[in-house]
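Engineer: Dropping a prediction and its sequence here:
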Amino acid sequence: MLELVDEDGRTIGTAEKLSAHLAPGRLHRAFSVFLFDDEGRLLLQRRALGKYHSPGVWSNTCCGHPYPGEPPFVAAARRTGEELGVAPALLREAGTVRYNHPDPVSGLVEQEYNHLFAGLVRTEPQPDPQEIDETAFVTPEELSRLLAHNPFSAWFMTVLDAARPVIREVTGAAAGW
C-alpha cells in the first residue's frame, strides 16, 4: 500500500501500489536516495530485469515508497539496506520534488511527491538480485557518458537536479555535482 497525498504532501488516503501507477496515476509519497563514496562518486543501480516497472534501466542509488505512516527518512534507510545491503554512513534530507513522469515502455505513471536524501556509503554494496542487476560508482563525467548511451529511469534527472544543492554539501564542491 502507498500513501496518497495532496499537492502539499499531506496524506489523504492509501492505494495499492500498482493501481496508483496506472494512467493517469495518483499522487503518492515516494523517496529517492543518492549515496556517494568518499571519492565523491555516485552509487547508481541498474534495476532488475524482473521488475514490473522500469526494468533494466539505470537509476539513483535507491528509490521507493514509504509504508503508510512510515516517515520517509526511515523508509529510505530501510530500503537502502534491503536493496543494497548497506547502511548509509550519513543520510541527509535534500528537499522534496513533485513530478508526473509517464513511462513510455510500461505505460505506468510516476505521479509522485518525492522526498530526497543524499549521503555517504563506506561499505561495498551487496545488491538483492530481485531488485538490482548491477551497481556502479560514477563521477559526473562517467554519468554523462552513461546517460548518453543507456536508458535511465524517467524520474532520474528530475530527482538528481532537485537534490543537487545538498549533494554538493555532502560531496564537496570539488566533486563537480
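Structural biologist: Structure's in. What do you need? Numbers count the residues shown, from 1 in each chain.

Engineer: ok, longest helix in the chain?
Structural biologist: In terms of residue count, the longest helix belonging to the chain (DSSP state H) is helix 156-171.

Engineer: and the nearest residue to Leu18 once chain neighbours are set aside, how far is that from Pro88?
Structural biologist: Nearest residue to Leu18, sequence neighbours excluded (C-beta to C-beta, 6 or more residues apart in numbering): Tyr52, at 7.5 Å. Glycine gets a C-beta too; all of them are placed from N, C-alpha and C. According to C-beta to C-beta, to the nearest Å, Tyr52 and Pro88 sit 27 Å apart.

Engineer: For these two, work out which one has more neighbours and name it.
Structural biologist: Under the neighbour definition other C-beta atoms under 10 Å, Tyr52 and Pro88 were set side by side, and Pro88 has more, 23 against 10.

Engineer: got the contact list for the more buried one?
Structural biologist: Residues in contact with Pro88 (C-beta atoms under 8 Å, 6 or more residues apart in numbering) are 33, 35, 77, 80, 119-121.

Engineer: Could you pull out the strands in the protein for me?
Structural biologist: 2-5, 11-15, 28-36, 42-47, 58-59, 62-64, 90-102, 109-120, 132-138 (DSSP state E).
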